[in-house]
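Trainee: I'll drop the sequence and a predicted model, then ask my questions.
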Amino acid sequence: MRTRLLGRRTTAPSVDGGQEGANTACRGVRGATTTSGGADRASLREAVAELLREMLTQNQASTEDVAALIFTLQEDLAGANPAAIARERGFSQVPLLMVREHGGDTRVAGCVRALMLLNTGLPQGRIRHAYLRGARELRPDLVAVQGELA
């Protein structure tokens, strides 16, 4: 497997049975979703699980491919913890971070955003981002592209 370090590709032994020497780079996958129940645990759990599933599925990846996962939350979701939900969903070995947004785009209520750093052989142009539910309006350009690629 090849990994990117300081802009250079290096070869590392394959630990998952994949093709040794495969061209792999760390890519950013963006995603966002909304929860209708605010910080309600059940509603948030469902929304975050759906988002993570879509981000992985659309990029032909598994949790083993995730280098790190960062969540951001708006003020209206204070007290929510999507990182804990991710751990429950198989991301227990992945470094997770949750931060509260200060200002920024707040036009979509109950919005959880995610940045997944993914080790993948996909070129940057084939990375598929996941904007679900009410968050689709944040990046209609990406939602339209996803429809064309499906």
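Mentor: Perfect, I can see it now. Numbers count the residues shown, from 1 in each chain.
Trainee: just so I have it, where are all the strands in the chain?
Mentor: Secondary structure of the chain, counting by DSSP state E: strands at 2-5, 8-11, 25-34, 66-73, 96-100, 111-120, 130-131.
Trainee: now what about the shortest one, what contacts it?
Mentor: The reference is to strand 130-131. Contacts with strand 130-131, where a contact means Cβ atoms under 8 Å, 6 or more residues apart in numbering, come from 29-33, 51, 54-55, 58, 138-139, 142-143, 146. Quick note: C-beta positions are derived from backbone N, CA and C, even for glycine.
Trainee: Tell me how far His129 lies from Met55.
Mentor: Distance from His129 to Met55, counting by Cβ to Cβ, to the nearest Å: 8 Å.
Trainee: Now for the two: what residues contact both?
Mentor: Here His129 and Met55 have 29, 31 as joint contacts, going by Cβ under 8 Å, 6+ apart.
Trainee: ok, these two, which is more surrounded?
Mentor: Met55 (25 against 21; other Cβ atoms under 10 Å).
Trainee: Is the more buried one in contact with Gly28, as I believe?
Mentor: No: between Met55 and Gly28 there is no contact under Cβ atoms under 8 Å: 10.8 Å.
Trainee: shared neighbours of these two, anything?
Mentor: Jointly contacting Met55 and Gly28 under the rule Cβ under 8 Å, 6+ apart are Met116.
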